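# Here is a sequence with its predicted model. Questions after.
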Amino acid sequence: MILLKNVYLNGKEQDVLIEQNKISKIAGKIEAGSAEVIHCKGKAILPAFCNMHTHAAMMFLRGIGEDLPLFDWLEKEVWPREDRLTDETVYYISKFAMLEMIKTGTTTFLDMYFHISSTIDALKEMGMRAVVTYVGMDMFDEKETQRRLNLAHSFLDTDYDGGLLFKGLSPHAVYTASETIFKEFKKMCREQDLFLHTHVSETQKEVDDCLQKYGKRPVELLDSWGILDEKTVLAHAVHLNEHEIELVKKSGAIVAHNPASNLKLNSGLMPLQHFLDKGLKLTLGTDSVSSNNSLSMIDEMKIAALSAKRAANDSTAAKVQDVFDMATKNGFEALGLKAGQIKEGYLADFMLVDLNNFALLPNVNLISNMVYAADSSCITDVFCNGKCLMKNKYVPNEEQIIADFKRACKELL
Ligand SMILES: [Zn+2]
C-alpha cells in the first residue's frame, strides 16, 4: 500500500491511497496504517498519458531525413535504415524510447513495429503497459503476404508472460498492405479479441492513389473489407469526407490523432473540432520520433490544440479539457482500461507534477497549464499499475539505458 499525503487534486490537498494496482481511496485525511507514505505537499496528481500511436524502436532515426515529404522520407530515409535493425538493437532502442515516455509522463502506449519480441522484453523490464502490434507490410507481393501471415500467427501463438502486455496486429496502410493482409489480420484479431491498428488517410496523395486503384477512399475501402469496429485504431485519419466520418462513427472505431507528425510531414490539418462535434472516439499519439521528433505527450497536446484552432479558423475550438482527455482518459477508455482519471477504483496510472515549476504558476487552471505552458520538467514521479517507474525524476538504471542506446545507434548509423 502507498499513501500519497497532501497531494493537490481537484483544487485542494487530499490523501490518495493506492492498494495493489488501484486507487482505493481518496479523502481529506487517510490514516497511514502500514502504507508507505509519500509526502506530496506542493505536488499535484494527474492521470498518466496514453500514447495511442507510436513506433518506439524508430527512436534511432531522430534527426535523420529531415524536411522531406512523407513518401520520399519513408522510401529513401526510413525503410533502408530499418533493414539493418536486429533483435538486439531493437531491444536497446525500445528501452530508451520507453525511458523517454516515462520521463514525459506516459505509462501506456500502442506500438506498431517488427522485431517485437525485443520490444516486449524491453516493456517487461521497464514496467510499462502497451499494446504491441506486429506490422504487416507485404507491398502486394504474394510470397511476402504469406510470410507476414505466418509471422503474425507465430506472434499470436507465442506466450510472452507479460502482465501489462496486450497483443495486436497492424496492417501498415492501404498503400503498403494487401486486402489479404487486412482481412486475415482482422480475422485473427476477432478470434482473440485483439486490437487492429493501421495508418489511414494520412495524406491527400494516399486518398487519391486509393481512389485510383480501388475506386474508393481509404476508410470506405476498409469498411468494404469489414475492418472497422470498436477494436480498430485508425492512426492519422486526417483526410476524411463526411461519409467516411459517418462510417467511423457508426463502427465505433478509434481515431489516434498525431498532429506533430501531420504538420511536420505536411500531411494535412485534421479538422479536430469537427470530429469532436461528430462524436468520434478521439485519442492522441506522437507517432515515432523520426516524424515528431519527441515522444512527449505534453508537447503533443499543445500542438493538437493550436493546430485544431487553425483548422477550424476558430479560437474556441479544441478546448483544453477536450485535448487533455484525448491524451489521458480517452486513450485508456478506448483500450478498455479503467484508467486515465484520478478516481477511486481506477488503475493507479498517474504522475505527480511540481506545482512550483514556473510553467504551472499561477495555479489557476492546472489543465490549461499542462496543455499550453508545461514541458516534462514539471513531472517528478510516474506510477504505472500501482508501481513507481520514476521517483524524483530518476528512472532506475537510466544511465545504462542511455549508454546502451548510444552504442546501438553507433552500430546502425
Ligand atoms: Zn505511424
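Received the coordinates, thanks.

# Okay, domains of the chain per the record?
In the assignment given by automatic domain parsing, the structural domains of the chain cover 2-47+346-398, 49-334.

# Residue 410: which of the ones you listed is closest?
When the domains of the chain are ranked by proximity to residue 410, the top entry is domain 49-334, at 9.9 Å, counting by CB to CB. In short, each C-beta sits where N, CA and C put it, glycine included.

# I'd like the distance between the residue lying closest to residue 137 once chain neighbours are set aside and residue 142.
In space, and not counting its chain neighbours, residue 137 is closest to residue 172: 4.1 Å by CB to CB, 6 or more residues apart in numbering. Distance, residue 172 to residue 142, using CB to CB, to the nearest Å: 17 Å.

# what's the answer for residue 256, then?
Between residue 256 and residue 142 the distance is 30 Å, computed by CB to CB.

# Ok, residue 72 next?
27 Å.

# more crowded one of the two?
Neighbours were tallied for residue 72 and for residue 142 using other CB atoms under 10 Å; the higher tally belongs to residue 72 (13 against 10).

# Is it correct that the more buried one falls within a helix?
Yes. The assignment for residue 72 by DSSP: H, G, I helix; E, B strand; the rest coil puts it in a helix.

# Next, count neighbours for residue 187.
Other residues lying near residue 187 total 12 when counted by other CB under 10 Å.

# next one: residue 393
Counted with other CB under 10 Å, residues neighbouring residue 393 total 14.

# That one: what's its closest spatial neighbour, skipping adjacent residues?
For residue 393, the spatially nearest residue (CB to CB, 6+ apart) is residue 380, at 5.7 Å.

# So that neighbour, which state does it fall into?
Using three-state DSSP as the criterion, the local structure at residue 380 reads strand.

# so residue 80 is in which element?
Assigned by DSSP states H and E, residue 80 falls within helix 79-82.

# Mind listing what's buried along the following helix or strand past that helix?
The helix or strand immediately downstream of helix 79-82 is helix 87-103, counting by DSSP H and E. Along helix 87-103, these residues count as buried under the neighbour rule (16 or more other CB atoms under 10 Å): 89-103.

# nearest to residue 183, of those residues?
residue 90 (28.0 Å).

# Which pLDDT value goes with the closest one?
Note on residue 90: pLDDT of 96.

# I'd like to know how far it sits from residue 147.
19 Å.

# swap in residue 155?
Taking CB to CB as the criterion, residue 155 is separated from residue 147 by 13 Å.

# For the two, indicate the residue with more neighbours.
Using other CB under 10 Å, the more surrounded residue of residue 155 and residue 147 is residue 155, with 20 against 12.

# and the more buried one, that one's in a strand?
No. Secondary structure assignment (three-state DSSP) places residue 155 in helix, not in a strand.

# Roughly how far does it sit from residue 81?
Plainly put, residue 155 is 23 Å away from residue 81 if you go by CB to CB.

# Likewise for residue 365?
Counting by CB to CB, the gap from residue 365 to residue 81 is 43 Å.
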